[in-house]
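A.B. asks: no sequence for this one, just the structure:
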């Protein structure tokens, strides 16, 4: 079955799409990097979702998928949509690094238990007995600490907190994404904050200025590049070869030239 898409059947923002034609080289390099990353993480597939390795692979796959979505929206000139996707990409990148780097703390188990409870059980009008039984069995099978599930001397149990699954390593009093980012790289929150006005599409700023500017385009390129570079060098080091180095070094040189240009304007 052919997977080719007739671009004539797609809507685009014509003005932005024309502007994006000036960034053909950058988009081509991003596309190559996405394909390299996708190929690299295929080697990590364990076919076992309910495991540390399976969860890591699931997040890695999601990161590549969101990078593809952002890339395609950029090509079509839908920059607001690309930024919406990039916000999600950043969240997935942070979660991936937390889970991957803390295998000892088994954060993946707590993520699974909380996410399943919040989306499968609470996401329905009424959870089925099958869903509830599966979740309870998951808690037992993963030997989830009672401190996570029960209130104890807190106002509410950790499982009821946003990002409560990180409680074993979380450093701040209140759970929020900024605190989660600090566990990985505080600069991740800057990108997340930059993309946040696009998340619901209701910000007046996004409605007044949806045009393709150099700053906006380069910000998206940098976000995709950083996410994929960190993913490969952390998760798939064996895939780092001359081809990967060649593509990433070329993208980095483009980014550095942009930074130098911005500095010259100050």
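C.D. replies: That came through, no problem. On a predicted model such as this, the values are computed, not experimentally measured, just so you know.
A.B. asks: so residue 216 touches residue 82, yeah?
C.D. replies: No - using Cβ atoms under 8 Å, residue 216 and residue 82 do not qualify as a contacting pair, with a distance of 9.2 Å. For every residue, glycine as well, the C-beta is placed using N, CA and C.
A.B. asks: which ones are touching residue 163?
C.D. replies: Applying Cβ atoms under 8 Å, 6 or more residues apart in numbering, one finds that residue 163 lies in contact with 170, 175, 176, 177, 179, 180.
A.B. asks: what about the first one, neighbour count?
C.D. replies: Residues contacting residue 170 under the criterion other Cβ atoms under 10 Å number 20.
A.B. asks: any idea which helix or strand carries the nearest residue to it once chain neighbours are set aside?
C.D. replies: Across the structure, with Cβ to Cβ, 6 or more residues apart in numbering as the measure, the residue nearest residue 170 apart from its sequence neighbours is residue 179 (6.3 Å). Per DSSP states H and E, residue 179 falls inside helix 177-182.
A.B. asks: for residue 157, phi and psi?
C.D. replies: Backbone torsions of residue 157, given as degrees, to the nearest 10, read phi -70, psi 160.
A.B. asks: now do residue 199
C.D. replies: The phi/psi pair for residue 199 (degrees, to the nearest 10) reads phi -60, psi -40.
A.B. asks: excluding its backbone neighbours, what's nearest it?
C.D. replies: If you skip the residues right next to it in sequence, residue 199 has residue 87 as its closest partner in space, 5.3 Å away by Cβ to Cβ, 6+ apart.
A.B. asks: what about that neighbour, neighbour count?
C.D. replies: Here the neighbour count serves as a burial measure; for residue 87 (other Cβ under 10 Å) it reads 20.
A.B. asks: begin at 34, not 1, for the rest of this chat.
C.D. replies: With the count now opening at 34, the last piece we talked about shows up as residue 120.
A.B. asks: let me know how buried residue 164 is, in neighbour terms.
C.D. replies: When neighbours are defined as other Cβ under 10 Å, residue 164 has 16 of them.
A.B. asks: repeat that for residue 235.
C.D. replies: Counted by other Cβ under 10 Å, the residues lying close to residue 235 total 9.
A.B. asks: check contacts around the residue nearest to residue 203.
C.D. replies: Going by Cβ under 8 Å, 6+ apart, residue 212 touches 196, 203, 204, 205.
A.B. asks: if I look at it, what pLDDT would I see?
C.D. replies: pLDDT recorded at residue 212 is 95.
A.B. asks: same check on residue 106?
C.D. replies: We note a pLDDT of 97 for residue 106 in this prediction.
A.B. asks: can you tell me the closest non-neighbouring residue to it?
C.D. replies: Once its chain neighbours are removed from consideration, residue 106 has its nearest residue in residue 115; the separation is 3.9 Å (Cβ to Cβ, 6+ apart).
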